[in-house]
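Engineer: Following is a predicted model, sequence given first.
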Amino acid sequence: MRVWADKHTTPRRRTPGQSLVELAIALPLLLLLLLGTIDLGRMFVDYVQMRNAAFRGVRYGMTAPDDTDGIRQRVHAHGVPSDTAVTVTCRPVACSQIQLGQEDATITVSATRTFRPVTTSFLQSFFGLGPVNLRAQATARIAT
């Protein structure tokens, strides 16, 4: 049986450098996938952090809707980057005009920022992709 196997197998050809060429082709794609996955994770963490900060601002704004500066400070104190834009809106009237006992008054805190992925410079040259705008908001009824 051994003789038959030796006769019918093709000899291995030596191809020096073939694995290096395969690595050179596959490595950029693997690195792009790795960096893209890391960027998606960073983006998700930033969004969750902004959403939680907006919720903290809304919780404070439920009891003090006219203190919009205090609401913004609460949002920024919860760990969002300083370049995050925070907007505070009240419905059906402005936050400073909320009356005690007013029904169906709500407050909304929105946090918006531009997320710049690590892979932007590489992908922008090929696909025209750029920074991503992240927006998180929280809404609650004002406790008057």
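Structural biologist: Looks like it came in fine.

Engineer: show me where pLDDT drops low in the protein?
Structural biologist: Counting by pLDDT under 70, the ranges of the chain that qualify are 1-12, 14, 100, 120-123, 128, 144.

Engineer: neighbouring contacts of the host helix or strand of Arg74?
Structural biologist: Element membership for Arg74 (DSSP states H and E) is helix 68-77. Around helix 68-77, the neighbours that count as contacts under C-beta atoms under 8 Å, 6 or more residues apart in numbering are 53-54, 56-58, 60-61, 64, 82, 84, 86, 88, 95, 109, 111. From N, CA and C alone the C-beta is placed, and that goes for glycine too.

Engineer: got the buried residues for it?
Structural biologist: Using 16 or more other C-beta atoms under 10 Å as the test for burial, helix 68-77 gives Thr68, Ile71, Arg72, Arg74, Val75, His76.

Engineer: Sort out which one of those lies nearest Leu27 for me.
Structural biologist: Nearest to Leu27 out of the buried residues of helix 68-77 is His76 (C-beta to C-beta; 41.0 Å).

Engineer: All good on my end, thank you.
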